[in-house]
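K.L.:
here you go, sequence then predicted model.
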Amino acid sequence: MKIIDGGVTAATGFEAGSTAAGIKYEGREDMAIVFSQVPCKVAGTFTTNVVKAAPVLWDKNIVDTAPYVRAVIVNSGIANACTGEEGMRICAATAQAVCDLTGEDVSTVLVGSTGVIGRQIEEDKIVAGVKALMAVKEDTIEAGTKAAKAIMTTDTHKKEIALTFEVGGKTITLGGMCKGSGMIHPNMCTMLGYITTDLNISKALLQEALSEVVKDTFNMISVDGDTSTNDTLLLLANGMADNEEITEKNADYTTFKEVLYIVCEYLAKEMAGDGEGATALFTCRVVGAKNTRDAKVLAKAVICSSLTKAAIFGHDANWGRILCALGYSGAQFDPAKVEMHFESAAGSILIFKDGVAADYSEEEATKILSEKEVTVICNMHEGDAAATAWGCDLSYDYVKINADYRS
C-alpha cells in the first residue's frame, strides 16, 4: 500500500470538475462533478435522520436499484432538504442535464447537496452548472482537488486522499474526498463523502465492505452531536484496473477492505479535526472494555461530551468530566478500575487511577493538552475489547459560526 497524490481522480477512468454556479455563494466555485468514463458499480450509506434531504432519497433509490452509474453532481450552499416535491424535481433536473449530454438514463446520475436547510435551489442555476461541469471535467489531480474545494461550506480546508495497492498482480487505486465541519454526528454515514476505485469487484461485496468499514470510521466521529439530513457516503468502482472480479471474501477482498478502512479513517479524522471553530482533534481510545459495543459507547460518550470538549479547548486536565461521560454512557464498569492518560506530541501523563486522581503536574498536563492533536486513553480493566472515537474541542467560534450560518 502506498499513499499517492490526489483524490477522486487518482483511480483510472475517473474525472472531476468544478464551477461557480452561484447557488448561494458569490465569487467561489460551488458545484463539483465526479464522472467515470465507463459504467460503475456503486455502494452507499446514508443518514438515519428521519428527515432526509431530497438528494439522500434520490441516491438511496439509485444505490438500491440501478445496475450502474456514471456521475455524481454535488452543490454547496443549499442543502435541498425539507423542500418537498420541488426538491425531488431539482434532483431529476440535475440528473437530466447530465443525461442530455451522455444519452443515458437519469438513474445513472447521483446527486449531493450541502448547506442551508429549507431553501430551494434555482433550476436554471443548477442546470447551467451541470453543463459547465461536463465541459470542464478532467482526469487530472488538480481537477479532483478543485472538486474537493468546491463542495466545502464551513470547512477550513479540502479533504482528500489516494492510495495504491496490489490485487492479483494489478495495481489498484482508491481515492476519496469529503466535506464536513458542522452538523456532524454520523450514524451509518458521514456528511458528504465520495470514494472512487478502479477495482473490479461485485456490487454486493462493494456494499458489504463499505457498510462494515463505516462502523469503525465515520460512525465513530462527532463534532456537535447533530446528525445531518444530508449525510451521504458513496463508493464507486469502475473495474478499469482489469483485475479478476472479486466475488468472494478472499485475500484480495481483505486487502481492499483494509485499504478502504485507511481511506475512511483518514477522511473521518479530517472532518473531526476540522469541526467548526475547532482548535484541536480530540481522540478517545478505550481499551480493556468488556466487549466491543461497550468500548464504542464509552469512547463516543467522551468525545461527544460538551463539557469535556470545552475542557480540551481550555487545555484543562479536568478528568472528572471524562469519568462522568464514561459513567452516563450506558456501559457498566467499575470506576475504581479505570486508568486514564492524556497523550499528544508533547508527551504522555497519567491523570487517574484506582478511583482517584493521580499525582500529576497540572503544568505538564496543560502542555500536553495544548497540541493540535490530543488523545485520552481510558483503560477500563474489564476485558480485552477496544475502540477509538474522534471529535474536536468546543470553542467560542463554534457558536459564532452557527449563530449567523444562514446569512
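P.N.:
Yep, that arrived.
K.L.:
residues near the closest residue to G355 other than its chain neighbours, how many?
P.N.:
Excluding the flanking residues, the one nearest G355 by CB to CB, 6 or more residues apart in numbering is A336, at 3.8 Å. For every residue, glycine as well, the C-beta is placed using N, CA and C. By other CB atoms under 10 Å, the residues close to A336 number 10.
K.L.:
for the longest strand seen in the chain, packing partners?
P.N.:
With DSSP state E setting the assignment, residue counts place strand 31-46 as the longest strand in the chain. Using 3 or more CB pairs under 8 Å, 6 or more residues apart in numbering; DSSP states H and E as the contact criterion, the elements in contact with strand 31-46 are strand 14-19, helix 54-65, strand 69-78, helix 123-136, helix 141-150, strand 192-197, helix 203-216, strand 232-237.
K.L.:
the fifth one to strand 192-197, inter-axis angle?
P.N.:
In terms of direction (axes from the mean of the first three to the mean of the last three CA atoms, to 10 degrees), helix 141-150 departs from strand 192-197 by 160 degrees.
K.L.:
give me the mean pLDDT for helix 141-150.
P.N.:
Model confidence over helix 141-150, given as mean pLDDT, is 97.
K.L.:
following element in sequence after that helix, please.
P.N.:
Scanning forward in sequence from helix 141-150, with DSSP states H and E defining helices and strands, the next element found is strand 159-167.
K.L.:
sheet partners, orientation included, of that following strand?
P.N.:
In its sheet, strand 159-167 lies beside strand 2-4 (antiparallel), strand 170-179 (antiparallel), with partners assigned from DSSP bridges.
K.L.:
all strands for the stretch 301-407 of the chain, in order.
P.N.:
Remark: strands assigned in the stretch 301-407 of the chain by DSSP state E, counting those that start in this stretch are 339-344, 347-353, 356-357, 373-379, 385-392.
K.L.:
can you list the weak-confidence ranges in the stretch 1-150 of the chain?
P.N.:
For the stretch 1-150 of the chain, not a single residue meets the criterion pLDDT under 70.
K.L.:
give me the neighbour count for the residue lying closest to E362 once chain neighbours are set aside.
P.N.:
Leaving out its chain neighbours, the residue that sits closest to E362 by CB to CB, 6+ apart is A317, at 6.6 Å. The tally of other residues near A317 (other CB under 10 Å) stands at 25.
K.L.:
now swap in L307 and tell me
P.N.:
14.
K.L.:
could you do T308 as well?
P.N.:
Other residues close to T308 by other CB under 10 Å number 27.
K.L.:
repeat that for T48.
P.N.:
If you count neighbours by other CB under 10 Å, T48 ends up with 12.
K.L.:
element containing it?
P.N.:
Using DSSP H and E, T48 is not contained in any helix or strand.
K.L.:
low-confidence regions, the stretch 301-407 of the chain specifically.
P.N.:
Scanning the stretch 301-407 of the chain for pLDDT under 70 picks out the ranges 402, 404-407.
K.L.:
ok, which of the helices and strands packed on strand 31-46 comes nearest S348?
P.N.:
Distance to S348, taken as CB to CB, is lowest for helix 203-216 among the helices and strands packed on strand 31-46, at 24.1 Å.
K.L.:
so for that closest one, mean pLDDT?
P.N.:
97.
K.L.:
and that helix, what does it pack onto?
P.N.:
With contacts defined as 3+ CB pairs under 8 Å, 6+ apart, the packing partners of helix 203-216 are strand 31-46, strand 232-237, helix 251-273.
K.L.:
next up, the contacts around the residue lying closest to E382 once chain neighbours are set aside.
P.N.:
In space, and not counting its chain neighbours, E382 is closest to K290: 4.7 Å by CB to CB, 6+ apart. With contact taken as CB atoms under 8 Å, 6 or more residues apart in numbering, K290 is in contact with A331, Q332, F333, M380, E382, G383, A385.
K.L.:
and K290, how far from F218?
P.N.:
Between K290 and F218 the distance is 25 Å, computed by CB to CB, to the nearest Å.
K.L.:
what of V69?
P.N.:
If you measure V69 against F218 using CB to CB, the figure is 21 Å.
K.L.:
next: G118.
P.N.:
Separation of G118 from F218 (CB to CB) stands at 25 Å.
K.L.:
on that earlier part again, dump the helices and strands packed on strand 31-46 into a markdown table; add mean neighbour count and distance to S107 as well.
P.N.:
A markdown table is the format used below for the helices and strands packed on strand 31-46 (neighbours: other CB atoms under 10 Å; distance: least, CB to CB, whole Å):
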| stretch | mean neighbour count | distance to S107 |
| --- | --- | --- |
| strand 14-19 | 26 | 19 |
| helix 54-65 | 19 | 6 |
| strand 69-78 | 25 | 8 |
| helix 123-136 | 18 | 16 |
| helix 141-150 | 23 | 22 |
| strand 192-197 | 30 | 18 |
| helix 203-216 | 18 | 14 |
| strand 232-237 | 28 | 14 |
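K.L.:
which among these is found nearest to V109?
P.N.:
Counting by CB to CB, V109 lies closest to strand 69-78 out of the helices and strands packed on strand 31-46; the figure is 5.0 Å.
K.L.:
how about stretch 24-41: buried residues?
P.N.:
Residues K24, Y25, E29, D30, M31, A32, I33, V34, F35, S36, C40, K41 are the ones in stretch 24-41 that count as buried (16 or more other CB atoms under 10 Å).
K.L.:
if we can go back for a sec, mind checking which of the strands paired with strand 159-167 is nearest T19?
P.N.:
Counting by CB to CB, T19 lies closest to strand 170-179 out of these; the figure is 16.2 Å.
K.L.:
what pairs with the residue nearest to L174 when sequence neighbours are not counted across the strands?
P.N.:
What sits nearest to L174 in space, not counting adjacent residues and going by CB to CB, 6+ apart, is T197, at 4.5 Å. Residues in a beta bridge with T197, per DSSP bridges, are L174, A237.
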